[in-house]
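Undergrad: have a look at this fold, sequence not included:
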């Protein structure tokens, strides 16, 4: 019995020593560089643009006794200047203001209770992840659709809703670093330089006939609905009336989308302006008119870019004159089903941009002998790495054609990473992107 008690006591002592040793190991892992917890390198190189000057700071993030310490150094005039910022637990948890004070040599600066440096507080990060926006420096930053990645983590793009400052935040709950800042009104911008970092421009949304599942197609209402769901380009279908007025109408005839009949080209503008182009879609749109192209451009000025689908029979010279008059020469592109009209357009407006359709490099090369394409439209399934490389080398932007597309088609297009998509349901595309 005594031997059994002695063995049990010795076993208990051994287990206590193992437990204490485990605590020491855990404690050692929880102090020192916070980079070990967040898979960050020991040091990060912050490149600052300060009032037209460039400064490169090496920064090391360490946590000790719940205080975050940022050690920085910079080589200036062959001499290393060094210092640090200290953030108390309250700052890390609930800070709501970025510190923009320049580092001072040999100074260890304790930040105010509401301040953070080069990162968000955990509360602001949680607000961003939950609501898609957060409050900092007495303004609202809202999540946008630009993309990026660094150190294997996504970068969350946000924009200041007051003055337009843009930031990319490392999607890391332990250390939500502000990886990049630009357009800061204080002229204090920075970017972390690291080979893992990549940035992607958002896919631009072109709406085919407007958001035509939300409002009557080819109307001001459907254009505005598209803009509310992330569209940046509105397609206008250009046709002329019998007396030469340009209208936004998809079909050659009036029958499908108005209470009129026959071809638009056979009707004078005073008759066209009386037609109802909304009742077929819903009672709330009764009395909506077929918009003239001039009306559409006035409605979209300062709000959107325009893609002109120029139908056969449209007087090219008149369209070019109108586009210049309304201020859309630089934020638009044009497509012509009629090659002869395309050639006339290139002669009249060599500075304006052209879109062509092609399903492979050979067809695109043909169009390059006719004009200088700025955009090419193609089915997503036909976008190959070779096609993308050819377009990039020739400065041609790729637009994926997914009119009448399903959710599956939209996802396929997103995976192909085109520059633009041409679609009917921006509200559905926005929903899929957000997911």
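TA: Looks like it arrived, so ask away. Owing to the predicted nature of the structure, the values given are computational and were not obtained by experimental measurement.
Undergrad: so what's the residue count around the spatially closest residue to residue 51 that is not a sequence neighbour?
TA: Nearest residue to residue 51, sequence neighbours excluded (CB to CB, 6 or more residues apart in numbering): residue 187, at 5.0 Å. To be clear about C-beta, it is placed using only N, CA and C from the backbone, and glycine gets the same treatment. Per other CB atoms under 10 Å, the neighbour tally for residue 187 reads 12.
Undergrad: can you check residue 284 too?
TA: Residues near residue 284, counting by other CB under 10 Å, number 11.
Undergrad: tell me the contacts of the residue nearest to residue 51?
TA: 49-52 (CB atoms under 8 Å, 6 or more residues apart in numbering).
Undergrad: show the buried residues in those residues.
TA: When the contacts of residue 187 are checked for burial by 16 or more other CB atoms under 10 Å, the buried set is residue 49.
Undergrad: next step: the contacts of residue 187 restricted to helices.
TA: Using DSSP state H, the subset of the contacts of residue 187 located in helices is empty.
Undergrad: ok, so of the contacts of residue 187, who is nearest residue 251?
TA: For the contacts of residue 187, the residue nearest residue 251 by CB to CB is residue 49; the value is 52.2 Å.
Undergrad: for the closest residue in space to that closest one that isn't next to it in sequence, give me its contacts.
TA: On the basis of CB to CB, 6+ apart, the spatially nearest residue to residue 49 that is not a chain neighbour turns out to be residue 189, at 4.5 Å. By CB under 8 Å, 6+ apart, the contact list for residue 189 reads 48-50, 181-183.
Undergrad: could you export those as a markdown table, including pLDDT?
TA: Formatted as a markdown table, the contacts of residue 189 follow (pLDDT from 0 to 100):
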| residue | pLDDT |
| --- | --- |
| 48 | 91 |
| 49 | 87 |
| 50 | 80 |
| 181 | 94 |
| 182 | 91 |
| 183 | 90 |
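Undergrad: which ones among the residues you listed are found in strands?
TA: Residues of the contacts of residue 189 located in strands (DSSP state E): 48-50, 181-182.
Undergrad: just the buried positions in the helix or strand containing residue 296, please.
TA: Per DSSP states H and E: residue 296 is located in helix 293-300. By neighbour count on 16+ other CB under 10 Å, the buried set for helix 293-300 is 293, 296-297, 299-300.
Undergrad: name the next helix or strand following that helix along the chain.
TA: strand 305-310.
Undergrad: could you list the low-pLDDT ranges of this structure?
TA: Filtered on pLDDT under 70, the chain yields the residue ranges 1-42.
Undergrad: break the protein into its domains for me.
TA: Domain assignment of the chain by automatic domain parsing yields the ranges 35-200, 204-434.
Undergrad: most tightly surrounded among those?
TA: domain 204-434 (a mean of 18; mean count of other CB atoms under 10 Å).
Undergrad: for the lengthiest strand in the chain, name the packing helices and strands.
TA: Longest strand in the chain, counting residues (DSSP E): strand 53-64. In terms of contacts (3 or more CB pairs under 8 Å, 6 or more residues apart in numbering; DSSP states H and E), strand 53-64 is packed against strand 32-33, helix 35-38, strand 44-50, strand 67-76.
Undergrad: I'd like to know which of the ones you listed lies nearest to residue 331.
TA: strand 44-50 (27.7 Å).
Undergrad: now the closest one against strand 53-64, angle please.
TA: 140 degrees (axes from the mean of the first three to the mean of the last three CA atoms, to 10 degrees).
Undergrad: next one: strand 44-50 to chain centre, how far?
TA: 23 Å (CA atoms, centre = their mean, to the nearest Å).
Undergrad: list of residues touching that strand?
TA: For strand 44-50, using CB under 8 Å, 6+ apart, the contacting residues are 54-61, 102, 118, 177, 187-194.
Undergrad: over to stretch 213-220?
TA: So stretch 213-220 is contacted by 209-210, 212, 221-222, 224-226, 229, 236-237, 248-250, 257, 277-278, 280-282, 285, 288, 290-291, 295-296, 299, 424-425, 427-428 (CB under 8 Å, 6+ apart).
Undergrad: in helices, which of these fall?
TA: 221-222, 224-226, 295-296, 299, 427-428.
Undergrad: nearest to residue 130 among these?
TA: Looking across those and measuring by CB to CB, the closest to residue 130 is residue 427, at 22.3 Å.
Undergrad: wait, doesn't the closest one sit right on residue 211?
TA: Yes: counting by CB atoms under 8 Å, residue 427 touches residue 211, with 6.5 Å between them.
Undergrad: so what sits against both of those two?
TA: With CB under 8 Å, 6+ apart as the test, residue 427 and residue 211 both reach 225, 229.
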